[in-house]
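S.K.: Here is a sequence with its predicted model. Questions after.
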Amino acid sequence: MSDTTSSQKLIVPAFGGLYAASPFFEAVLRFVVGFWLVPHGAQKLFGLFGGGGIEGTAGFFAQIGLQPAVLLATLAGLGEFFGGLFLAIGLLTRPAALVAAFVLLVATLSVHIGNGFFMASGGFEYASLWFFAALYFVFKGGNEYSVDAKLGRAF
């Protein structure tokens, strides 16, 4: 077991195996961040999982002042569904993460910020956490466990 990772000397050399596994678990995190968005997009686009579909989502958007509501509901649904799917598999990772982060930022600022911090009261805690998780992949991109890597491209 190595007591270094890249150019850093490890404080606890016994953890070298854990550090070596970080690319795999980074891919797991990317998958979770992306795939957890897909059902939210399905709610908005198709009315699945108790969602309102485009019509119901547009009604909610109009109620909170997001206009043009139908267009924005469609874009939010597409962003969550396809942005999440692409992020999960690591295809066009950075653009997909940017779309996901943008949708989550809009949700944070337009829906949750006025409810305080805590998730239990509809606050911004949860949505902003997912925003920052998606934002991480805007800067990091996919890794060797991504479709981008299999294509030999970094996006």
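M.R.: Done, it's in. Numbering: from 1, shown residues only.

S.K.: now Gly142, what's its secondary structure?
M.R.: Here Gly142 takes the coil state, with states given by DSSP: H, G, I helix; E, B strand; the rest coil.

S.K.: Tell me who's in contact with it.
M.R.: Neighbour list for Gly142: Ala27, Arg30, Gly90, Thr93, Asp148, Ala149, Ala154, Phe155 [criterion: Cβ atoms under 8 Å, 6 or more residues apart in numbering]. (Glycine included, C-beta is placed from N, CA and C.)

S.K.: Please tell me how far the last one sits from Leu10.
M.R.: The reference is to Phe155. Per Cβ to Cβ, to the nearest Å, Phe155 is found 32 Å from Leu10.

S.K.: for the third one, same thing?
M.R.: Noted for Gly90: a distance of 28 Å to Leu10, by Cβ to Cβ.

S.K.: what sits against the closest residue to Trp130 other than its chain neighbours?
M.R.: Distances taken as Cβ to Cβ, 6 or more residues apart in numbering put Leu104 closest to Trp130, at 5.1 Å, once the chain neighbours are dropped. By Cβ under 8 Å, 6+ apart, the contact set of Leu104 is Ala127, Ser128, Trp130, Phe131, Ala134.

S.K.: In PDB, could you pull the C-alpha coordinates for the host helix or strand of the third one?
M.R.: Per DSSP states H and E, Trp130 falls inside helix 125-140. Provided in PDB are the C-alpha atoms of helix 125-140 (Å, rounded to 0.1, in the frame of the first residue of the first chain):
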ATOM      1  CA  GLU A 125     -31.100  23.700   2.300                       C
ATOM      2  CA  TYR A 126     -31.900  20.700   0.000                       C
ATOM      3  CA  ALA A 127     -32.100  22.400  -3.400                       C
ATOM      4  CA  SER A 128     -28.900  24.400  -2.800                       C
ATOM      5  CA  LEU A 129     -27.000  21.200  -1.700                       C
ATOM      6  CA  TRP A 130     -27.900  19.600  -5.000                       C
ATOM      7  CA  PHE A 131     -27.000  22.800  -6.800                       C
ATOM      8  CA  PHE A 132     -23.500  22.700  -5.400                       C
ATOM      9  CA  ALA A 133     -23.200  19.000  -6.100                       C
ATOM     10  CA  ALA A 134     -24.100  19.600  -9.700                       C
ATOM     11  CA  LEU A 135     -21.800  22.700  -9.900                       C
ATOM     12  CA  TYR A 136     -18.900  20.500  -8.700                       C
ATOM     13  CA  PHE A 137     -19.200  18.500 -11.900                       C
ATOM     14  CA  VAL A 138     -19.400  21.600 -14.100                       C
ATOM     15  CA  PHE A 139     -15.800  22.200 -13.000                       C
ATOM     16  CA  LYS A 140     -14.700  18.600 -12.500                       C
END
